[in-house]
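**Q** what's the 3D shape of this:
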Amino acid sequence: EVQLVESGGGLVQAGGSLRLSCAASGFTFDDYAIGWFRQAPGKEREGVSCISSSDGSTYYADSVTGRFTVSRDTAQRTVFLQMDSLKPEDTGDYFCNIYPPNRVYWGQGTQVTVST
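**A** Next up is the predicted model:
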């Protein structure tokens with residue numbers, strides 16, 4: 001059974017940092033790109049970042065470029081999202097999924113709240 005479990009969210013002040021983790025199981029981790037997505041209150045889910053399966057190339061949405069860093073650890077089967085210089089507009093539920101995302105694999109997400 002494919003599982004992608006997010007963790008690491010929390011409440012942080014603007015300018016602070018959080019490190020999210022996405023623990024993967026039930027599939028060949030090295031075969032898939034993994035993406036991070038977020039959904040702010042009252043808004044649709046949007047892509048935040050993605051890391052490839054092959055050469056580790058990365059993608060970032062314009063809104064997070066220069067502040068977020070995605071990485072993956074094959075041994076731990078985990079993808080990380082380091083979030084620095086957080087802003088109130090980064091508030092939302094954060095999810096990981098394979099990329100392109102599979103609607104069956106959405107997990108519960110982890111909540112990030114950035115206060116002013």
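
**Q** number of nearby residues for P41?
**A** 7 (other CB atoms under 10 Å). The C-beta positions use only the backbone N, C-alpha and C, and glycine is treated the same way.

**Q** quick one: it and D93, what's the gap?
**A** 9 Å (CB to CB, to the nearest Å).

**Q** which residue is nearest the centroid of the protein?
**A** What sits nearest the mean C-alpha location of the chain, by CA atoms, centre = their mean, is W36, with 3.1 Å.

**Q** which phi and psi does that residue have?
**A** Taking degrees, to the nearest 10, you get phi -110, psi 140 for the backbone angles of W36.

**Q** so what's it up against?
**A** L20, C22, G47, V48, S49, C50, V70, V79, L81, Y94, F95, C96 (CB atoms under 8 Å, 6 or more residues apart in numbering).

**Q** so A23 sits against R77, correct?
**A** Yes. Using CB atoms under 8 Å, A23 and R77 qualify as a contacting pair, with a distance of 6.6 Å.

**Q** how about the helices in this structure?
**A** Assigned by DSSP state H, the chain shows no helices.
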